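Visitor: pasted the sequence and its predicted model underneath.
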Amino acid sequence: MIPKNTICLWYDGTALEAAQFYAQTFPDSAVGAIHRAPGDYPAGKEGDVLTVEFTIAGIPCLGLNGGPGMKHSEAFSFQIATDDQAETDRLWNAIVGNGGQESACGWCKDKWGISWQITPRVLTEAYTSADRAAARRAFEAMMQMTKIDVAAIEAARRG
């Protein structure tokens, strides 16, 4: 069944490669149908991979090989909630180690330009805490980080 809402991500001929990476990296992710172009189009030829259906952490996506005309920006990102430092490290290192780049406050970008927030649940719990002083300390600690350090967030929250 076709989902009611699907995130469409634009790629320059690498939608299948990206989908395969996401399926190998994130739990509850998979590559679905691969659709080939029925005719020539501005970014490719008949028979080229045009779209790839896939899921990332349960979210339905469609990779469109639309060509070099559109670039991704930080205005869109996937936020992945992690349970501990090991999961945070694994996902961060997979993205950055596969040609991606680090950013600030738990954000990184994959080699295709998609932005990711690798966010430990403890961080979200800390900065949304009813104890506003603890929330501020955790938030200020996060603002100094690239990849989130769970122990440092917990220490900041405790004061």
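Guide: Cool, got the structure.
Visitor: name the element the most centrally placed residue in the chain belongs to?
Guide: In the chain, the centroid-proximal residue (C-alpha atoms, centre = their mean) is W116; its distance is 3.4 Å. Applying DSSP states H and E as the criterion places W116 in strand 115-120.
Visitor: which helix or strand lies directly C-terminal to that strand?
Guide: Sequence order places helix 121-127 as the next helix or strand after strand 115-120, per DSSP H and E.
Visitor: helices or strands up against that following helix?
Guide: Helices and strands touching helix 121-127, by 3 or more C-beta pairs under 8 Å, 6 or more residues apart in numbering; DSSP states H and E, are strand 77-82, helix 132-142, helix 150-158. C-betas here are computed from N, CA, C, even on glycine.
Visitor: can you redo the ones you listed as TSV with mean neighbour count, mean pLDDT and distance to W10?
Guide: Output for the helices and strands packed on helix 121-127, formatted as TSV (neighbours: other C-beta atoms under 10 Å; pLDDT from 0 to 100; distance: least, C-beta to C-beta, whole Å):
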stretch	mean neighbour count	mean pLDDT	distance to W10
strand 77-82	17	98	15
helix 132-142	17	98	30
helix 150-158	17	97	34
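Visitor: which residue is the nearest non-sequential neighbour of A15?
Guide: G63 (3.0 Å; C-beta to C-beta, 6 or more residues apart in numbering).
Visitor: and this structure, what are its domains?
Guide: For the chain, automatic domain parsing gives the domain ranges 7-65, 77-158.
Visitor: next, the angle from the strand holding W116 to strand 77-82.
Guide: Between strand 115-120 and strand 77-82, the angle comes out at 20 degrees (axes from the mean of the first three to the mean of the last three C-alpha atoms, to 10 degrees).
Visitor: understood, closing this out.
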